[in-house]
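Asker: After the sequence you'll find the predicted model.
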Amino acid sequence: MPWNECQPMDERLRFVARLLDGEKMAGLCREFGISRKTGYKIYNRYKDYGLHGLEDRPRKPYRHANQLPFQLERSILAIKREYPTWGAPKIRDKLIKQYPTIKPPAKSTIHAVLDRNGLVKRRKRRRYKAKGTSLRDTKVPNGLWCADYKGEFRLGNRQYCYPLTITDYRSRYLLACESLPSTKEKGAFPVFERTFKEFGLPIAIRTDNGVPFASPNAYYGLSKLAVWWLRLGIRIERIKPGNPQQNGRHERMHLTLKKETTQPPKYNLLQQQEHFESFIEGYNNDRPHQALSGKYPGEVYTPSPREYHPPAVPEYPYHDRTIMVTECGRICLDGRKINFSTVFGGQHVGIREVADSIWLVSFMDYDLGFFDDTVNKVEPVGNSPFASKLLPMSPV
């Protein structure tokens, strides 16, 4: 049976005893199932420390690499008690003056000491709470598209299928129904891109507040998919949470889709997609719709005159700088790394100094938030023009 250094001491003792009897290292290592490097390590430990060297060693390090000597940690706490309003930077400066011969700890280390001892007042993080947006009617095709995932169901091979569906609000035309293995953004992007290329761009898209259409932890609930739509000049509508009737036309189509394509389901995603394609053809061109006075959706729908083209890089002529947000969601400015949002990773934003050391961050025509020289984080604008521009609906 393979053996390693983590097994009981008696195994290591037998290994060393046989070495002392004159057996060869290579043969013993093969028999015990260890490398010669490990064998020599065990043997050298025995030579250096005797039998104690073969005892199990604790895996916990004697001290963490960033653990401070207790005397220095005690000094940090003493300074904090004397000056309760001081933070890590001031405490570090005080330590440098008191102990000029000792290498001072980093500000983050001092902050960790204060936090560990309950001396840091935590700010409550403001979380975006989905509320939905204003909803308006439209009388023309492509004035508004509706998108959603029909509830997942299990295929014959036990894999789950998540159908992503897109319809035109005015004509009820089913633009896409794609069988996907999940609701992740990487699956949704190509579906929307194919649909845009085939039918053109809508004025607005209405969705719920779920993934991948929205992101609860990002600015204003935006997701990478929503940011892409904004780049394409598409406005965003969101229904109020818990009110699927606000997307009622789309939900009604889902009922028909479920009844005719998922009971029973097909064996795999490819077979299910083939079934969806047949449904799309019949739904659009062979199924009279009462709300359309008996017409087929295909008789009412016409493609959008707004052709799809990859969006150009936005320009910011009235800003001081144009900066591309890193994929990890940061703005790099003069050696600083300002935390922003990963949903804008790879996007270009405008930076403008609006007051002394106070910078405004804008995306396209939307002002998103501010940062200054003391905090490396963009704070969202309270009543931002972005919020008001996100809400208005497509023209009728």
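Answerer: Structure's in. What do you need? Numbering: from 1, shown residues only.
Asker: For stretch 90-106, list the C-alpha coordinates in CSV.
Answerer: Extracted in CSV, the C-alpha atoms of stretch 90-106 (Å, rounded to 0.1, in the frame of the first residue of the first chain):
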residue,chain,number,x,y,z
LYS,A,90,-2.3,57.9,11.9
ILE,A,91,-1.5,55.0,14.2
ARG,A,92,1.2,53.9,11.8
ASP,A,93,2.8,57.4,11.7
LYS,A,94,2.7,57.4,15.6
LEU,A,95,4.5,54.0,15.7
ILE,A,96,7.2,55.2,13.3
LYS,A,97,7.9,58.1,15.7
GLN,A,98,7.8,55.9,18.8
TYR,A,99,9.9,53.1,17.4
PRO,A,100,12.1,54.5,14.6
THR,A,101,14.4,51.4,14.6
ILE,A,102,11.5,48.9,14.0
LYS,A,103,10.1,48.3,10.6
PRO,A,104,6.5,49.6,10.8
PRO,A,105,3.6,47.3,9.8
ALA,A,106,1.5,48.1,6.8
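Asker: In that stretch, which residues are buried?
Answerer: Residues 91-92, 94-95, 104-105 are the ones in stretch 90-106 that count as buried (16 or more other CB atoms under 10 Å). To be clear about C-beta, it is placed using only N, CA and C from the backbone, and glycine gets the same treatment.
Asker: Excluding sequence neighbours, find me the nearest residue to residue 345.
Answerer: Closest residue in space to residue 345, ignoring its immediate chain neighbours: residue 327 at 4.2 Å, by CB to CB, 6 or more residues apart in numbering.
Asker: Go ahead and confirm the one you found touches residue 346.
Answerer: Yes: Residue 327 is within contact range of residue 346, at 6.1 Å (criterion: CB atoms under 8 Å).
Asker: Any idea how far the host helix or strand of residue 254 is from the middle of the chain?
Answerer: In the assignment (DSSP states H and E), residue 254 maps to helix 248-261. Helix 248-261 sits 30 Å away from the centroid of its parent chain (CA atoms, centre = their mean, to the nearest Å).
Asker: where in the stretch 1-150 of the chain is pLDDT low?
Answerer: In the predicted model of the stretch 1-150 of the chain, residues 1-9, 56-68, 121-130 satisfy pLDDT under 70.
Asker: Let me see the ranges of the helices in it.
Answerer: Applying DSSP state H, counting those that start in this stretch to the stretch 1-150 of the chain gives helices spanning 9-20, 25-32, 36-49, 70-82, 88-98, 107-116.
Asker: and what of the stretch 201-350 of the chain?
Answerer: Assigned by DSSP H, counting those that start in this stretch, the helices in the stretch 201-350 of the chain fall at 224-231, 248-261, 269-285, 297-300.
Asker: Could you measure from residue 171 over to residue 178?
Answerer: Distance from residue 171 to residue 178, counting by CB to CB, to the nearest Å: 20 Å.
Asker: One more: residue 155?
Answerer: Here the criterion is CB to CB. By it, residue 155 lies 14 Å from residue 178.
Asker: more crowded one of these two?
Answerer: Set residue 155 next to residue 178 and count neighbours by other CB atoms under 10 Å: residue 178 wins out with 22 against 19.
Asker: Can you read off the pLDDT for residue 351?
Answerer: What the model reports as pLDDT for residue 351 is 92.
Asker: and for stretch 359-375, what are the contacting residues?
Answerer: Contacting residues not belonging to stretch 359-375 are listed as 219, 227, 230-231, 314, 316, 319, 331, 333, 338, 340, 344, 347, 349-354, 357-358, 377-381, 384-386, 389-390 [CB atoms under 8 Å, 6 or more residues apart in numbering].
Asker: List only buried entries from those residues.
Answerer: Neighbour-count burial (16+ other CB under 10 Å) applied to these gives 219, 227, 230-231, 314, 316, 319, 331, 338, 340, 344, 347, 349-351, 378, 380-381, 384, 386, 390.
Asker: Inside strands: which ones of those residues?
Answerer: 331, 338, 349-351, 380 (DSSP state E).
Asker: sec struct for the closest residue to residue 228 other than its chain neighbours, please.
Answerer: Leaving aside its sequence neighbours, residue 228 sits nearest to residue 189 (CB to CB, 6+ apart; 7.4 Å). Here residue 189 takes the helix state, with states given by DSSP: H, G, I helix; E, B strand; the rest coil.
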